[in-house]
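In: how would this look folded up:
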Amino acid sequence: MMKTLQKIALVVGCLSLAVVGSSSRYTGREVALAAVGRYNNQTALTSPFQLLQVTAVKTQTRSHRTMYEVKFLIMETMCNQDGVVMDVSNCPFKENGVKMKCVTRAVQSGSPTQLRFHALQCHQVPEQIDVPVLGRQQGHR
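Out: Numbers count the residues shown, from 1 in each chain. This next block holds a predicted model:
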């Protein structure tokens, strides 16, 4: 009887680890895209911004939560927002549009689909700096 209980405990333990290990974590790009959507919705803009490039990603996992710090670049698009929440993924970048360097901190806890933002800061990039559009050139979205 004791050996049977030990085997059951071992199987349940392995299954628990498999479920925890397979819980979906966000990629840096997914966190950045969610942050850009949040920025576009919370800021009074005439032209929304679109993700240009993810430049750095730090993740840290503690117990049942994952913390993200993602640095990325965004650029102004040619789409007109007019206060309407919209999908900007198909909006072309504005020629000589404003470029912003951003950093966001977010935590994923509890539900694997729940992401809470604790900070989002963006600062305009000086015009003389030309930022390559690596994600677009490689066909990443």
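In: for the chain, name the helix or strand with the lowest mean pLDDT.
Out: Lowest mean confidence among the helices and strands of the chain (mean pLDDT, DSSP states H and E): helix 2-22, at a mean of 37.
In: and the next helix or strand past it?
Out: Counting by DSSP states H and E, the next helix or strand C-terminal to helix 2-22 is helix 28-42.
In: who does A56 form a beta bridge with?
Out: K71 (DSSP bridges).
In: if I look at it, how far off is F49?
Out: 18 Å (CB to CB, to the nearest Å). Quick note: C-beta positions are derived from backbone N, CA and C, even for glycine.
In: neighbour count winner among those two?
Out: For A56 versus F49, neighbours defined as other CB atoms under 10 Å are more numerous around F49 (28 against 10).
In: if I pick that one, what's in contact with it?
Out: F49 is in contact with 36, 39-40, 74-77, 88, 98, 100, counting by CB atoms under 8 Å, 6 or more residues apart in numbering.
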